[in-house]
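K.L.:
Curious how this folds, go ahead:
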Amino acid sequence: MEKSVILNVVEEILFKKGKRLVDSNILILGVAYKKNSDDPRESPAWQIIKLLLDGGATVNYSDPYIPSIPRVVCGFKTISIPLTAKNLEKYDCVVLVTDHNDFDYQFICDHSKAIVDTRNAFKFITDSEGKIFKA
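P.N.:
Sure, this is the predicted structure:
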């Protein structure tokens, strides 16, 4: 999936919710290059994060395999956010980039406002509120 398409989907979701990318809080799920890996090199997450940051969003990430990101990798230093109900509810949109098996997809859906699924990982999840958007 092209990174700019993902950005467009995020912006469209936010717009429908009366928000703009500027000043929105976005959570990236998975920054590893591939699922169930701790290798962040050449991950598509870096370009997506850059586009979101350039658009004025605040961006955090959660990845069970990558506990922290050095500044040289993506331009900012950060640590992985634990996936708790309280944490998920803080974000205007969650973007799944790497579909790790360790993610509890139903839990994520239950506690998120909106989800952009770039890997079709939520296909079997019950989404009665229409929160899941494919990109």
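K.L.:
Let me see the mean pLDDT of stretch 12-30.
P.N.:
Averaged across stretch 12-30, pLDDT comes to 96.
K.L.:
buried stuff in it?
P.N.:
13-14, 19, 21, 24, 26-30 (16 or more other CB atoms under 10 Å). (C-beta placed from N, C-alpha, C; glycine too.)
K.L.:
just stretch 52-59 next, same as before
P.N.:
So, applying 16+ other CB under 10 Å, buried residues of stretch 52-59: 52-53, 55, 57, 59.
K.L.:
closest to Asn36 among those?
P.N.:
Closest approach between the buried residues of stretch 52-59 and Asn36, by CB to CB: Val59, at 22.8 Å.
K.L.:
Kindly list the main-chain dihedrals of the residue lying closest to Asp102 once chain neighbours are set aside?
P.N.:
Computed as CB to CB, 6 or more residues apart in numbering, the closest residue to Asp102 that is not its neighbour in sequence is Pro64, at 4.5 Å. Torsion angles at Pro64 (phi, psi; degrees, to the nearest 10) stand at phi -70, psi -20.
K.L.:
thought Pro64 was touching Thr98?
P.N.:
No - using CB atoms under 8 Å, Pro64 is not in contact with Thr98, being 10.1 Å away.
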